[in-house]
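J.: starting from these lines, generate the structure:
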Amino acid sequence: MTANEKLVLALPKGRILKELAPLLSGAGIEPEAAFNDESARQLRFATNHPNLEIVRVRSFDVATFVAFGAAHFGVAGNDVLMEFDYPELYAPVDLDIGHCRLSVAAPKELLAEEDPARWSHIRVATKYPEITRRHFAARGVQAECIKLNGAMELAPNLGLCKRIVDLVSSGATLRANGLVEVEEIAQITSRLIVNRAALKTRPGEMNGWIDRFSEVADAA
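T.: Have a look, this model is predicted:
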């Protein structure tokens, strides 16, 4: 990272962008028109600040872009931060958007047959193998994780495994697939994340943006 390169803000694709839009506006960031065009194919966008660009990537990739210095700061859920646990990242602001929870779920028929408190070795489908292993290890349970990137709720119905760990919002998708929540692992919100090296080399600019997002989040 050099002092004269443009700052890069990494933002997640999908529903979080809609919740994030008022915060961007409040922080004084106006992306070029193509940013809000869902048919646009580009992933890198100019803003009303000549020294600031936005990249739009998958939510799971924001933390990686920022941790490895491809972006200077970004917005990521604390589920992603917990999974990767990058030491290069600093998460100074809870933006209070993207509310959901990370939970263990299983078929309701299974819970009628066994007590989760007595689990000792289980197989779990999840996008979050590291969080899942740590969670169950703290309970003395050995968790064999099957990594899936989507459609987690299908795993029990198709016999892949009996339990899943996934993000839950309303719980409607779980119920539609005959699953119930067993326990909550963590409450999830989206955070402003910053590359620690960028904060050291460009403290004026980076702290300025941290302050802007903090003020907007507090006022929301």
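
J.: show me what contacts residue 148?
T.: 125-127, 155 (Cβ atoms under 8 Å, 6 or more residues apart in numbering). Using the backbone N, CA and C atoms, a C-beta is placed for each residue, glycine as well.

J.: determine which two of those residues are furthest apart.
T.: 127 and 155 (11.3 Å; Cβ to Cβ).

J.: coming back round to it: among the contacts of residue 148, which one lies nearest to residue 45?
T.: For these, the nearest to residue 45 is residue 127 (27.0 Å; Cβ to Cβ).

J.: got a pLDDT number for the residue nearest to the closest one when sequence neighbours are not counted?
T.: The shortest distance from residue 127 to any non-neighbouring residue, by Cβ to Cβ, 6 or more residues apart in numbering, is to residue 149 (5.9 Å). On the pLDDT scale, residue 149 is placed at 93.

J.: secondary structure class for residue 149?
T.: At residue 149 the chain is in coil, as set by DSSP: H, G, I helix; E, B strand; the rest coil.

J.: who are the contact partners of the residue minimising distance to the centre of the chain?
T.: By Cα atoms, centre = their mean, the chain has its centre lying nearest to residue 77, at 2.9 Å. Residue 77 sits next to 12, 16, 59, 98, 188-191 when contact means Cβ under 8 Å, 6+ apart.

J.: which stretches of the chain form strands?
T.: 7-12, 44-46, 52-57, 73-77, 89-94, 100-107, 121-126, 142-147, 163-168, 179-188, 190-195 (DSSP state E).

J.: tell me which strands and helices the helix or strand of the chain with the lowest mean pLDDT is in contact with?
T.: Ranked by mean pLDDT, DSSP states H and E, the helix or strand of the chain with the weakest confidence is helix 108-113, at a mean of 91. Identification of packing neighbours for helix 108-113 by 3 or more Cβ pairs under 8 Å, 6 or more residues apart in numbering; DSSP states H and E yields strand 179-188.

J.: for the strand it packs on, name the packing helices and strands.
T.: Against strand 179-188 (3+ Cβ pairs under 8 Å, 6+ apart) you get helix 78-84, strand 100-107, helix 108-113, helix 129-138, strand 163-168.

J.: quick one, which of those gets closest to residue 121.
T.: Per Cβ to Cβ, nearest to residue 121 of the helices and strands packed on strand 179-188: helix 129-138, 9.5 Å.

J.: other residues contacting that closest one?
T.: In contact with helix 129-138 (Cβ under 8 Å, 6+ apart) are residues 79, 82-85, 102, 104, 119, 122, 124, 126, 142-143, 145, 147, 165, 185-186.

J.: residue 91 reaches residue 82, doesn't it?
T.: No. Shown here, residue 91 and residue 82 do not form a contact pair, counting by Cβ atoms under 8 Å, at 10.6 Å.

J.: would you tell me which helix is longest in the protein?
T.: helix 203-219 (DSSP state H).

J.: could you list the buried residues of that helix?
T.: 205-206, 209-210, 212-214, 216-217 (16 or more other Cβ atoms under 10 Å).

J.: so what's residue 84 up against?
T.: The neighbours of residue 84, taking Cβ under 8 Å, 6+ apart as the test, are 63-64, 67, 130.
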